[in-house]
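[1] Below: sequence and its predicted model.
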Amino acid sequence: MDKIVKMTALVAPMDRANVDTDAIIPKQFLKSIKRTGFGPNLFDEWRYEDVGQPDSDNSNRPLRKEFVLNQPRYQDAKILLARENFGCGSSREHAPWALKDYGFDVVIAPSFADIFFNNCFKNGIMPLVLDEAIVDALFQEVFAQEGYALTVDLESQQIVKPNGDVIPFEIDSFRRHCLLNGLDDIGLTLAHKDDIKAYEEQRKKEAPWLFSHAG
Amino acid sequence: MSAKTLYDKLWDAHLVREEEDGTALIYIDRQLLHEVTSPQAFEGLRMAGRKPWRIDTNLATPDHNVPTTDLTGGVASIKDPVSRIQVETLGMNAREFGITEFAMGDIRQGIVHVVGPEEGATLPGMTVVCGDSHTATHGALGALAHGIGTSEVEHVLATQCLIQKKMKNMLVRVNGQLQKGVTPKDVVLAIIGKIGTAGGNGHAIEFGGQVFCDMSIEGRLTVCNMAIEAGARVGLVAVDEKTVEYVQGRPYAPKGDDWDKAVVAWMDLKSDEGAHFDKVVELDGSLIEPQVSWGTSPEMVLDVNGVVPDPTKELDAVKADGIQRALDYMGLKANTPIKEIPAEYVFIGSCTNSRIEDFRAAAEVLKGRKISDNVELALAVPGSGLVKQQAEAEGLDKIFIEAGFEWRNPGCSMCLAMNADKLPTGKHCASTSNRNFEGRQGAGGRTHLVSPEMAAAAAVAGHFVDVRDYL
């Protein structure tokens, strides 16, 4: 996994609450057996006039010009600014895969759905929770100022605005450590394999039916 | 020892280790696998040269892409090549890693959340995971069940553990007695309507109170299934005698001496008197009416006798904007009575409502009646081959067919339309599924979430009606 330390990037505003993972990546694209290639279909139903299919040539499809990611001023944005409960619904990891593949490294929102929030960390996306009032202010500033960019510094846990104002953010220390070092969860867990085996031995005594062969 | 909630007990029993910051490893007793969220996990294992930690805890079945029409051709009968590859890939991965699969054509194949409890593969006191948010379903049996992402599927395959931080405890208490015609689906929709789709974020919800004590296990499965629609990854109901009775004799349930030991342990799977909940919500069950969702989020739900909301009366700008967007998408005008909304499609199925009791209840309404000419397609899709077989043994299939429904083969079907069963653009559907998101049942489709009884009544009337007038 790529390391994330510090970045400065354009911000795209997704100004609606409860954006669900069906909207982030519609079901027909879940048929892929790969982790990559979902970017062109990110927000497919909001982004294109027609209904996309996994084998569509996306470069020729008619765009909904008013949709935020189709507006020239937000091209190359790497930070997505969102509203409450972002990523609700299905557990599909295709949603963070699509965001990452499109180019987003950071999503800022007042709140996230739990499963999506977890899935982000596994894929090198930073989901940052900020107070609703701060998010509101950021929306106003993004709309008002073309080329609005933020600096996100994971090491110092700070966001720096174009005018130099600093917004501190909280992030789980374990998740921060993994993002900063590009660590693989499985490798970290397997370092504790003796603990897992010890648990199993103890559990076999307490609940043997969970270990007897089923069926 | 201080009083513990059911969630606390399940958490403590599965805790392998915990770091100072609360990051923990919890042990997983059962992983259910389906074709959509597992291929990248198996690919990850292969690329890292890793093997599953415990093969016997895994159980696989294809459900999302499976056709519900003629299955005699097996996997080869899937016309869409991308769908077919996904189902084939599940089979290949199961064989390569030695995991049991109920493949297409096996009578036990079905929707993973119907199959788990039906087989006794989900047991009280277990931790259960699946790469699907509706894994919350299994909490109805007093199991700690989490919906997870694909990276976590791979993590559980490789380590038998899930990295988690403990959630907060939330109690949703519904006392009183439900009115006739009011179902578990109405109860959970009313709860979501009250607390919102983010109301349970960060919490494990335990459903308690008289209504859940009185409710059947299948009803509890329906309620826990939609905990995720209230934002909670985990839904739970305490174990009681009904739970034990439900599990006994199922293929994967413990037998003999093991059974006796298990039952003793399971009877403690309830929250202690005086246990602390971080959040408590109460509803009066006797006041719950049949529910119909009108918008594009499960919290946009109303009593059947209600009228669609008016955004001009909403003071919060983000919410008013959300209502207006939903009205536009759904093709509805503010203040329209729910009962005037047409039902052009009807779908009875999904992991929420495709168990035998659901089909019995819908058949009760359909018996001796015909669906309206306004209805273009009415689908009945059992949750598993065994549910279908049972329904047919009871003659329910004939009632559905005579009423004008199509009686299909098991799978997720039109709940999310990954197979060929799609809701066309602009059409309103009375659906027993769990999500009314934009495009969920088909691009441009307009979903209204209801109980099986309400879906059957809407099919007969051609628009939404109060099922109590049909009982």
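    Right, received. Where do you want to start?
[2] So for stretch B:192-200, mean pLDDT?
    Taken as a whole, stretch B:192-200 has a mean pLDDT of 97.
[3] Show me which residues of that stretch are buried.
    Across stretch B:192-200, burial judged by 16 or more other C-beta atoms under 10 Å in any protein chain shown covers B:Ile192, B:Gly193, B:Ile195, B:Gly196, B:Thr197, B:Ala198, B:Gly199, B:Gly200. For the C-beta atoms, the positions are set from N, CA and C on the backbone; glycine is no exception.
[4] Enumerate every residue touching B:Ala94.
    Residues near B:Ala94 by C-beta atoms under 8 Å, 6 or more residues apart in numbering or on different chains: B:Leu33, B:Ala60, B:Thr100, B:Glu101.
[5] Ranking by neighbours, what's the top pick from the residues you listed?
    Neighbour counts for the contacts of B:Ala94, by other C-beta atoms under 10 Å in any protein chain shown, peak at B:Leu33, which reaches 30 neighbours.
[6] Spatially nearest residue to that one (excluding sequence neighbours)?
    B:Ala60 (4.0 Å; C-beta to C-beta, 6 or more residues apart in numbering or on different chains).
[7] Looking at strand pairing, list the partners for that neighbour.
    Beta-bridge pairing for B:Ala60 (DSSP bridges): B:Leu33, B:Glu101.
[8] I'd assumed B:Phe102 was in contact with it.
    Yes. If you go by C-beta atoms under 8 Å, B:Ala60 and B:Phe102 touch, sitting 7.4 Å apart.
[9] Which of the helices and strands in chain A ranks last by mean pLDDT?
    In chain A, no helix or strand scores lower on mean pLDDT, DSSP states H and E than helix A:173-181, which sits at a mean of 91.
[10] just how off-centre is it within its chain?
    Mean-position distance between helix A:173-181 and its chain equals 15 Å (C-alpha atoms, centre = their mean, to the nearest Å).
[11] Now the element after it, going C-ward?
    The helix or strand immediately downstream of helix A:173-181 is helix A:185-190, counting by DSSP states H and E.
[12] Could you pull up the mean pLDDT of that next one?
    94.
[13] ok, and for it, which residues are buried?
    A:Asp185, A:Ile186, A:Leu188, A:Thr189, A:Leu190.
[14] Let me have these in a markdown table, extended by distance to chain B.
    Below are those laid out as a markdown table (distance: C-beta to the nearest C-beta, whole Å):
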| residue | distance to chain B |
| --- | --- |
| A:Asp185 | 6 |
| A:Ile186 | 5 |
| A:Leu188 | 8 |
| A:Thr189 | 4 |
| A:Leu190 | 6 |
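[15] Just give me the closest of those to B:Ser77.
    Within those, distances to B:Ser77 taken as C-beta to C-beta reach their minimum at A:Ile186, with 36.6 Å.
[16] Reformat the buried residues of helix A:185-190 as a markdown table; add distance to B:Tyr345.
    Formatted as a markdown table, the buried residues of helix A:185-190 follow (distance: C-beta to C-beta, whole Å):
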| residue | distance to B:Tyr345 |
| --- | --- |
| A:Asp185 | 42 |
| A:Ile186 | 43 |
| A:Leu188 | 48 |
| A:Thr189 | 45 |
| A:Leu190 | 49 |
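[17] What are the neighbouring residues in contact with B:Ile78?
    B:Asn65, B:Val66, B:Pro67, B:Arg84, B:Val87, B:Asn419.
[18] Which residue ranges of the stretch 301-450 of chain B form helices?
    B:317-330, B:356-366, B:385-393, B:396-403 (DSSP state H, counting those that start in this stretch).
[19] out of the ones you listed, which comes closest to chain A?
    When the helices of the stretch 301-450 of chain B are compared by C-beta to the nearest C-beta, helix B:317-330 sits nearest chain A, at 5.4 Å.
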